[in-house]
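>>> 3D, please:
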Amino acid sequence: MFQPELETMARQELEKLQVGRLRWTVERVYNLVPFYRRKLEKVGVKPDTIHSLKELRRLPFTYKKDLRDHYPFGLFAVEQEELARIHASSGTRGKPTVVGYTPKDIRHWAEVCARAIVIAGGRAGDVFHNAYGYGLFTGGLGLHYGAERLGATVVPVSGGNRSRQAVLIRDFRPRGIAGTPSFILSLGEKMKEEGFNPRDTHVEYGILGAEPWTEEMRQTLEEQWGIDALDIYGLSEVIGPGVAMECREAKEGLHIAEDHFLAEVVDPKTGDPLPDGEFGELVFTSLTKEAFPVLRYRTGDIASLCREPCRCGRTHTRMSRIKGRLDDMLIIRGVNVFPSEMEAAVLGVEEVAPYYQLLVDRERGVDRLTLEVEVSDGLLRSMEGRFDPEHEKCKQVCKRLQQLLKESLGVTSNVALKAPQSIPRSEGKALRVIDQRKG
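As a prediction, this is how the structure comes out:
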């Protein structure tokens, strides 16, 4: 463990620490952020009223819209000259969400990322291949500073350029690799194309996140690379990567850094708290952030919580893998569909490859969902190397996939088999859904 005295804290001792830090956070936003002061006064909460974690539910929610409405610096709790760094989202769905860090925030961020790398199996002295994007996106720099804090040697390669990355992996012999699951999958494919088996590298563990992925994708990546493929969670509004990390020993949920973040799960529609084990919207409150503290931030991510100690010895609350994002949820003829549910069905069929996209359109006023997925090399060979979507074997695979999707999603879908290499490969986050419905 990177910080065993914190990672194995008894629950009573941990909650005492959390209450003190929650009071400090509420005091900070009450005095320094007019937006939060107005919201806290409206619900009758002052810093000196925080005596237990039960008070958390009295605090107001924070939404992504609040960040956009106060663009760029309206929710900061420090003056601009106190900032060490600014990060921001892409802004593809409106104004970007802007977050800031003091030097102390950067140290805390490096600390939780170093902890995450150790949870995954990393150690000082590792060569760490970091294929997350650098720049305003928090993924690359967050894990970069965490690996350096741990004492690893970082290869800051960022995303894209798979051929170059394949060469670096062969030559630099990293023990750890980090990136989105879809990019690491396509990177492994590229290595095979160039005559080098990913399983013959020195990579032992992968820290994969920034997009929802399934247990089936884990099995595919572990088979492809011969590694432990582990999930990491974070978002810039809370701090970036390092909020939670899946352990190598159990792979049964992601350990939340509870000395820095309080987690809840609420009903997405009502905001009411949900019991442990039940899926709902993840909500986070920061406990140690100076520049950009957040109270009960509605993440839009769907997950559940488990507070039982893990067999790895850590006592912090675990969150499940992300089932999907509310933003990405498709409503098809009244049925809620998450792309990750589609992935689970696809990766269970050996005749297709793990490269797919979902097309949504509307025909005569009725929503239509089509899965486009590449055929596997094995199926292509059985057709004597010539792809023919009208081949009887292709028709059988389509029929089987349609039945699986109907059973797992509860909605009828079309399936279109595609030739190998016909679906665009990920250079970062995968584009899984193309929604062509107007309105």
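
>>> quick one, what contacts the closest residue to residue 247 other than its chain neighbours?
Of all residues beyond its chain neighbours, the one nearest residue 247 is residue 312 (4.5 Å), with distances taken as C-beta to C-beta, 6 or more residues apart in numbering. Where C-beta positions appear, they are placed from N, C-alpha and C, glycine not excepted. Counting by C-beta atoms under 8 Å, 6 or more residues apart in numbering, residue 312 makes contact with 119, 247-250.

>>> just give me the closest of these to residue 197.
Among the contacts of residue 312, residue 248 lies closest to residue 197 (C-beta to C-beta), at 22.4 Å.

>>> would you list the phi and psi of the closest one?
Taking degrees, to the nearest 10, you get phi -70, psi -30 for the backbone angles of residue 248.

>>> show the residue spans covered by the helices in the stretch 251-400 of the chain.
Under the criterion DSSP state H, counting those that start in this stretch, helices of the stretch 251-400 of the chain are mapped to 339-346, 377-382, 392-409.

>>> between the longest one and helix 339-346, how big is the angle?
If you take axes from the mean of the first three to the mean of the last three C-alpha atoms, to 10 degrees, helix 392-409 sits at 140 degrees to helix 339-346.

>>> quick one: mean pLDDT for helix 392-409?
If you average the pLDDT over helix 392-409, you get 90.

>>> show me which residues of that helix are buried.
Buried residues in helix 392-409, counted by 16 or more other C-beta atoms under 10 Å: 394, 397-398, 401-402, 404-405, 409.

>>> any low-confidence regions in the stretch 1-150 of the chain?
90-94 (pLDDT under 70).

>>> at 90 instead, please
89-96 (pLDDT under 90).

>>> take the helices of the stretch 251-400 of the chain and lay them out in CSV including distance to residue 242.
Formatted as CSV, the helices of the stretch 251-400 of the chain follow (distance: least, C-beta to C-beta, whole Å):
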stretch, distance to residue 242
helix 339-346, 22
helix 377-382, 37
helix 392-409, 32
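
>>> strands paired with the lengthiest strand in the chain, and their directions?
The residue-count maximum for a strand in the chain (DSSP state E) belongs to strand 352-363. Strand 352-363 pairs in its sheet with strand 366-375 (antiparallel), strand 433-435 (parallel), by DSSP bridges.

>>> run through who's touching it.
185-186, 217, 220, 330, 332, 339, 342-343, 346-347, 367-377, 379, 397, 401, 417, 420, 423, 425, 431-438.

>>> in that strand, which residues are buried?
Under 16+ other C-beta under 10 Å, the buried positions of strand 352-363 are 352-358, 360.

>>> again, but for stretch 407-417
409, 411, 413, 415, 417.

>>> now, which of the contacts of residue 312 sits nearest residue 170?
Distances from residue 170 to these, taken by C-beta to C-beta, are shortest for residue 248, at 24.0 Å.

>>> quick check: that closest one touching residue 122?
No. Contact criterion C-beta atoms under 8 Å: residue 248 and residue 122 do not qualify, at 9.3 Å.

>>> what's the overlap in contacts for the two?
Joint contacts of residue 248 and residue 122 (C-beta under 8 Å, 6+ apart) are residue 205.

>>> higher neighbour count, these two?
residue 122 (26 against 16; other C-beta atoms under 10 Å).

>>> OK, contacts around the nearest residue to that one once chain neighbours are set aside?
With C-beta to C-beta, 6+ apart as the criterion, residue 122 has its nearest non-adjacent residue at 5.1 Å, and that residue is residue 176. Contacts for residue 176 (C-beta under 8 Å, 6+ apart) come out as 117, 120-122, 126-129, 147, 152, 203-207.

>>> tell me what the helix ranked longest in the chain is packed against?
Counting residues, the longest helix found in the chain (DSSP state H) is helix 11-32. Under the contact definition 3 or more C-beta pairs under 8 Å, 6 or more residues apart in numbering; DSSP states H and E, helix 11-32 sits against helix 34-42, strand 280-286.

>>> could you check the angle helix 11-32 makes with the first one?
Spelled out, it's helix 34-42. Angle between the axes of helix 34-42 and helix 11-32 is 110 degrees (criterion: the same axes, to 10 degrees).

>>> now the shortest one
Here strand 280-286 points in a direction 70 degrees away from that of helix 11-32 (the same axes, to 10 degrees).

>>> now do the buried residues in strand 280-286.
Neighbour-count burial for strand 280-286, counted by 16+ other C-beta under 10 Å, picks out 280-286.

>>> packing partners for it?
Applying 3+ C-beta pairs under 8 Å, 6+ apart, we find strand 280-286 packed against helix 11-32, strand 261-266, strand 297-303.

>>> number of nearby residues for the residue lying closest to residue 240 once chain neighbours are set aside?
Distances taken as C-beta to C-beta, 6+ apart put residue 138 closest to residue 240, at 3.3 Å, once the chain neighbours are dropped. Neighbours of residue 138 under the rule other C-beta under 10 Å: 28.

>>> which residues touch residue 138?
Contacts for residue 138 (C-beta under 8 Å, 6+ apart) come out as 87, 99, 234, 236, 239-241.
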